[in-house]
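*Asks:* How does the following fold in three dimensions:
(2 chains)
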Amino acid sequence: MNDSLLSAVLIAVGVLVAIGLICALILVIAAKFFAVKVDEKEQKIRACLPGANCGACGFTGCDGYAKALAEGSAPANLCVPGGASAAAQLGEVLGVSVEAAARMVAFVHCNGTCDNTKQKYDYKGIPTCAGAKLFYGGDGACSSGCLGYGDCAKVCPSGAIYNNNGVACVDPAKCTGCGMCTKACPNFVIRLVPADAKTVVACSSKDKGAVAVKACKTSCIGCKKCENTCPAGAIKVEDNFAKIDYIKCVGCNACTEVCPRHAIMSVDFSQAQ
Amino acid sequence: MDTIKALLVILMSSVLVNNYVLNKFLGICPFLGVSKKLDQAAGMGTAVTFVMLVATAVTWPIQTFVLDKLGLGYLQTIVFILVIATLVQFVEIILKKYIPALHKSLGVYLPLITTNCAVLGVTINNIKDGYGFLESMVSSLGCGLGFLLAMVLFAGVRSRLDSANIPESFKGLPVTLAAASIVSMSFMGFAGVVDKLFA
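*Replies:* Next comes the predicted model:
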């Protein structure tokens, strides 16, 4: 009786141990034979990147960029949030000298605050810019202005965007220049400008002058006064809308003074990170 | 013809009537956790379907040819957990090596499934219901598809919840659970339908 009980227990334990051992053996063999080589260089490169996974470099997150760097198929200065320090570290790992990516800062190209523009209708739908945009192009009188529902603020990883009287506003001190907000804005009002830009056009309206005048008090009407005044030839009016070449601009403020709509303003992003 | 009909009944009843999530309440953790976005829900559903099929293909022979032969049926649970955990790890290693693209899309979910009770439940229930090998495979396919269906449907429900005006105290998990119970009730309506589908 005792013997049969003992053997029953022993068989059960034996079977379980045997199955466990077989499983362990399979995993050990699999781990050995099917091991995937992870590039050591790739891991080192990945450690230099900030890990924000913002996609500003044009790759699928930091892992994707690290892989491309390890293969040598990408330049080392694409990381915007990492800036100069990341570029220097990457240069050390890769053994090449790199110049840092140009510091970029997001800027809201719209000054259509509640005082400057009116609402076309009272929007009561889903409180997002994308939702409002679907409904007759948004509730603002200007169809290319900031909608003010904060889609950009929701995606901003560093909390740099706040609402200033109905218009999104980027705090340049917090902005890392990752460009997430530029993709979130349905009106493409937020665009990246170089951190050393001195003058910007705070409007995105490409409407004809007469339409733009009615829509907002500070709209660019494409009058070309700035283009004719600029001593450096940095401003060009295309599609009823003034465009500044930030490299040519010397920051003389001639355009800000001559603009009849006060759509051009001088800025200082030097406090940016 | 009769066998095909029987298999179809098993398939449809495990998808609709005996849905693991909505009727047996197994696998609730991924059902609530990974159903926020449609693509993630579909990925998780596919991964579970795949693992259920592979797990059944391995555990059924072990039960029939090892445990039952030695009269060790009571070891079923512990052996199945052991085997399924190994299997999922093994599949992950193989996928990583040979199909990196698939590993990238399923990889996150595979470790989650290792100890998923829905997978264990399917393998054990197949034995309990006295299914043969083919019937077991069809049943696990149905259970997997049922899980996928529940995940996808619930992802749709949750995307609506996001834009709904929910009372403050109900925000988050409470309203999700309430929604899950309503979806579950709607699936109860399938009971009694399936037998007559192929009659």
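*Asks:* If you count contacts, what does the longest helix seen in chain B end up packed against?
*Replies:* The longest helix of chain B (DSSP state H) is helix B:133-162. Judged by 3 or more C-beta pairs under 8 Å, 6 or more residues apart in numbering or on different chains; DSSP states H and E, helix B:133-162 is in contact with helix B:2-12, helix B:28-33, helix B:38-61, helix B:117-128, helix B:173-188. Bear in mind the C-beta positions are built from the backbone N, C-alpha and C, glycine included.
*Asks:* and with 6 Å instead?
*Replies:* Judged by 3 or more C-beta pairs under 6 Å, 6 or more residues apart in numbering or on different chains; DSSP states H and E, helix B:133-162 is in contact with helix B:2-12, helix B:38-61, helix B:117-128.
*Asks:* quick one, domains of chain A?
*Replies:* Listed domain ranges for chain A are A:40-94, A:104-266 (source: automatic domain parsing).
*Asks:* Would you mind putting the ones you listed into CSV with mean neighbour count, distance to chain B and mean pLDDT alongside?
*Replies:* What follows is the domains of chain A, written out as CSV (neighbours: other C-beta atoms under 10 Å in any protein chain shown; distance: least, C-beta to the nearest C-beta, whole Å; pLDDT from 0 to 100):
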stretch, mean neighbour count, distance to chain B, mean pLDDT
domain A:40-94, 18, 10, 78
domain A:104-266, 19, 5, 87
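*Asks:* With distance to B:Val194 as extra columns, can I get those in JSON lines?
*Replies:* As requested, those are exported to JSON lines (distance: least, C-beta to C-beta, whole Å):
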{"stretch": "domain A:40-94", "distance to B:Val194": "44"}
{"stretch": "domain A:104-266", "distance to B:Val194": "39"}
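*Asks:* can you tell which of these is closest to B:Asn126?
*Replies:* domain A:40-94 (39.3 Å; C-beta to C-beta).
*Asks:* how far out from the middle of the chain is the closest one?
*Replies:* Put simply, domain A:40-94 sits 16 Å off its chain's centre (C-alpha atoms, centre = their mean, to the nearest Å).
*Asks:* swap in stretch B:89-100?
*Replies:* 21 Å.
*Asks:* hmm, who's touching that stretch?
*Replies:* A:27, A:30, A:34, A:36, B:102-103, B:110 (C-beta atoms under 6 Å, 6 or more residues apart in numbering or on different chains).
*Asks:* Show me just the buried residues among those.
*Replies:* Buried members of the contacts of stretch B:89-100, scored by 16 or more other C-beta atoms under 10 Å in any protein chain shown, are A:27, A:30, B:103, B:110.
*Asks:* Name the SS class of the closest residue to the second one other than its chain neighbours, please.
*Replies:* Of all residues beyond its chain neighbours, the one nearest A:Ala30 is B:Ile93 (4.7 Å), with distances taken as C-beta to C-beta, 6 or more residues apart in numbering or on different chains. Assigned with DSSP: H, G, I helix; E, B strand; the rest coil, B:Ile93 falls in the helix class.
*Asks:* Tell me how many other residues crowd B:Ile93.
*Replies:* B:Ile93 sits with 21 neighbouring residues when counted by other C-beta atoms under 10 Å in any protein chain shown.
*Asks:* Do you know the pLDDT at it?
*Replies:* B:Ile93 carries a pLDDT value of 83.
*Asks:* Now do the longest helix of chain B against helix B:2-12: the angle between them, please.
*Replies:* Interaxial angle, helix B:133-162 versus helix B:2-12 (axes from the mean of the first three to the mean of the last three C-alpha atoms, to 10 degrees): 30 degrees.
*Asks:* Helix B:133-162 versus helix B:38-61: what angle between them?
*Replies:* 160 degrees.
*Asks:* mind listing what's buried in helix B:133-162?
*Replies:* Neighbour-count burial for helix B:133-162 [16+ other C-beta under 10 Å]: B:135-151, B:153-155, B:158, B:161.
*Asks:* related to what we said a few turns ago, in TSV: the buried ones among the contacts of stretch B:89-100, plus pLDDT, distance to B:Lys24 and secondary structure.
*Replies:* Formatted as TSV, the buried ones among the contacts of stretch B:89-100 follow (pLDDT from 0 to 100; distance: C-beta to C-beta, whole Å; DSSP: H, G, I helix; E, B strand; the rest coil):
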residue	pLDDT	distance to B:Lys24	secondary structure
A:Leu27	89	30	helix
A:Ala30	86	32	helix
B:His103	75	30	helix
B:Leu110	75	22	helix
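*Asks:* Tell me the one of those nearest B:Leu38?
*Replies:* B:Leu110 (19.7 Å).
*Asks:* In space, what's closest to the residue most central in space within chain A - neighbours in sequence excluded?
*Replies:* Taking C-alpha atoms, centre = their mean, the centroid of chain A lies closest to A:Gly179, which sits 1.6 Å from it. Of all residues not flanking A:Gly179 in the chain, A:Ala56 sits nearest, at 5.0 Å (C-beta to C-beta, 6+ apart).
*Asks:* gap between the one you found and B:Gly172?
*Replies:* Distance, A:Ala56 to B:Gly172, by C-beta to C-beta, to the nearest Å: 32 Å.
*Asks:* what do you get for B:Ala6?
*Replies:* Counting by C-beta to C-beta - B:Ala6 and B:Gly172 are separated by 44 Å.
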